[in-house]
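J.: sequence below, structure please.
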Amino acid sequence: MVKLQHIIFILFLIFLFIPRNVTAQEKKIFLFWGQGCPHCAQVNQYFEEKGFYDKYPIEKKEIYNNKPNANLLNEYFEKYQVPLENRGVPAIFIGKNYLIGGADIPNQFESLADEFIKNRPGETKSQTFPTLPTTLPRINLLLPAVIAGALADSVNPCEFAVLILLLTAILASGSSKRALKAGLLFSLAIFTSYLAMGLGLYKALTWGNLPRIFLVFIGFLAIVLGLFNLKDYFWYGKGGFLMEVPMSWRPHLKTIISRVTSPGGAFFIGFLVSLFLLPCTSGPYIIILGMLSQKTNFTQAFAYLVFYNIIFILPMIFITLAVYKGFSLKQAEEFRQKKLRLLHLIIGLLLVGMGGVVLAGWI
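T.: The predicted model follows:
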């Protein structure tokens, strides 16, 4: 357990200072555009006809197919305090000024560009706006949200119930060593399948250029799911639904798991069972994926999802090791039943907190 705590601590430090790639702009003019955008095409043609690309230090950044560029554009919108209703492409940021749209850019660009060239900083003169360094190390506010979401997922009573059923079936037909292998392989299968599903959903969410209002939806979704879990703490099973595996699915799930008699079978069943777990474990995952789709590129998202799913399966590994060391499965199930409402309370509070952080604009 001590070694696992050390691993989590090291991963925390690694993710705490994930750099944001923001290029230095004191000597450049940035033109943000989108593939297929008609106004962007008109501005580009106008600039080519006027020879502006040769005359001025213009750097073009396409945003529809390039997530880092889209993130950078959002950084500029915030830095220049561009009103939400005016945000879009084509957009030019030049010194202390910005131009947006197919009308303003042709009408005003040349005069602003000439002034920028005349006053832009040289070796003996500096300009303080904008001051965006090459790498801006800062505490990444996504990390606490990812940890909270993973913790909410990891204490979900559904996965505990499934693992206890599996280990019971394995122990009935084999030794504790087989149960250890089965539990670890089952956890690995859950990790692999959830990571694959997460990456697939991330790609789907980033296929287009979702508006930033999508984060507001994610925030409200987190709060709603959190309140549903709080409902199961105060009024367990009331309201006609339960934030767990649906009752109608449970007999089928139990039948499938009870047939597993080998570690290899546990690994295979892990992929199948992950589908049964989706109704009660997908809430926090979808919320985190929504945040990542707005704030990260694919490489960053991959790292976050690996970290998330490591936390997600840690309780499964702990239970497996405890059973291997002699902890009674009957005691484990009694403990799960006794703490069922408390688990829903923890999940609910974490989700409501996540939603509040998102709606407050801290993500």
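
J.: who's in contact with the helix or strand harbouring residue 335?
T.: Using DSSP states H and E, residue 335 sits in helix 329-338. By Cβ atoms under 8 Å, 6 or more residues apart in numbering, the list of residues contacting helix 329-338 from outside reads 157, 160, 161, 164, 167, 168, 171, 319, 322, 323. C-betas here are computed from N, CA, C, even on glycine.

J.: by how many degrees do the next helix or strand after it and helix 329-338 diverge?
T.: Next helix or strand after helix 329-338 toward the C-terminus (DSSP H and E): helix 340-359. Angle of helix 340-359 versus helix 329-338, following axes from the mean of the first three to the mean of the last three Cα atoms, to 10 degrees, is 50 degrees.

J.: domain ranges for the protein?
T.: 20-136, 142-359 (automatic domain parsing).

J.: which parts of the helix holding residue 335 are buried?
T.: Neighbour counts over helix 329-338 (16 or more other Cβ atoms under 10 Å) mark 329, 332, 336 as buried.

J.: what about that helix, average pLDDT?
T.: The pLDDT scores in helix 329-338 average 74.

J.: may I have it exported as CSV, CA atoms only?
T.: Coordinates of each C-alpha in helix 329-338 appear next as CSV, following Å, rounded to 0.1, in the frame of the first residue of the first chain:
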residue,chain,number,x,y,z
LEU,A,329,-15.3,-12.2,0.9
LYS,A,330,-18.3,-12.4,3.2
GLN,A,331,-16.9,-9.6,5.3
ALA,A,332,-16.1,-7.6,2.2
GLU,A,333,-19.7,-7.9,1.0
GLU,A,334,-21.1,-7.1,4.4
PHE,A,335,-18.9,-4.0,4.5
ARG,A,336,-20.0,-3.0,1.0
GLN,A,337,-23.7,-3.3,2.0
LYS,A,338,-23.1,-1.4,5.2
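
J.: rewinding a little: most tightly packed of the domains of the chain?
T.: Scoring the domains of the chain by mean neighbour count under mean count of other Cβ atoms under 10 Å gives domain 142-359 as the most buried, with a mean of 18.

J.: contact partners of the strand or helix carrying residue 53?
T.: Applying DSSP H and E as the criterion places residue 53 in helix 52-55. Contacts to helix 52-55, defined as Cβ under 8 Å, 6+ apart, come from residues 47, 58, 109, 110, 113.

J.: what helices or strands is the helix or strand following that helix leaning on?
T.: Per DSSP H and E, the first helix or strand lying C-terminal to helix 52-55 is strand 58-62. Counting contacts by 3 or more Cβ pairs under 8 Å, 6 or more residues apart in numbering; DSSP states H and E, strand 58-62 packs against strand 29-33, helix 67-79.

J.: mind doing that once more with 6 Å?
T.: On a contact count with 3 or more Cβ pairs under 6 Å, 6 or more residues apart in numbering; DSSP states H and E, strand 58-62 meets strand 29-33.

J.: same for the strand it packs on, what does it pack against?
T.: strand 58-62, strand 91-94.

J.: hmm, 8 Å instead?
T.: So strand 29-33, by 3+ Cβ pairs under 8 Å, 6+ apart, packs with helix 38-50, strand 58-62, helix 67-79, strand 91-94.

J.: mean confidence score for it?
T.: 92.

J.: mind listing what that strand pairs with, with the direction of each?
T.: Strand 29-33 sits in its sheet next to strand 58-62 (parallel), strand 91-94 (antiparallel), going by DSSP bridges.

J.: now the angle from the first one to helix 67-79?
T.: Comparing the axes of strand 58-62 and helix 67-79 via the same axes, to 10 degrees yields an angle of 110 degrees.

J.: need the CA coordinates for strand 58-62. CSV is fine.
T.: Taking C-alpha atoms only, strand 58-62 is exported to CSV below (Å, rounded to 0.1, in the frame of the first residue of the first chain):
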residue,chain,number,x,y,z
ILE,A,58,2.0,37.0,-40.2
GLU,A,59,1.7,33.6,-38.8
LYS,A,60,-1.4,31.6,-39.8
LYS,A,61,-3.0,29.1,-37.3
GLU,A,62,-5.8,26.8,-38.4
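
J.: which residues are in contact with it?
T.: 28-35, 47, 52, 69, 72-73.

J.: then stretch 216-233?
T.: So stretch 216-233 is contacted by 238-239, 241-244, 283-284, 286-287, 290-291, 341-342, 344-345, 347-359 (Cβ under 8 Å, 6+ apart).

J.: circling back to that earlier point, now the helix holding residue 53, how far from the centre of its chain.
T.: Distance, stretch centre to chain centre, for helix 52-55: 40 Å (Cα atoms, centre = their mean, to the nearest Å).
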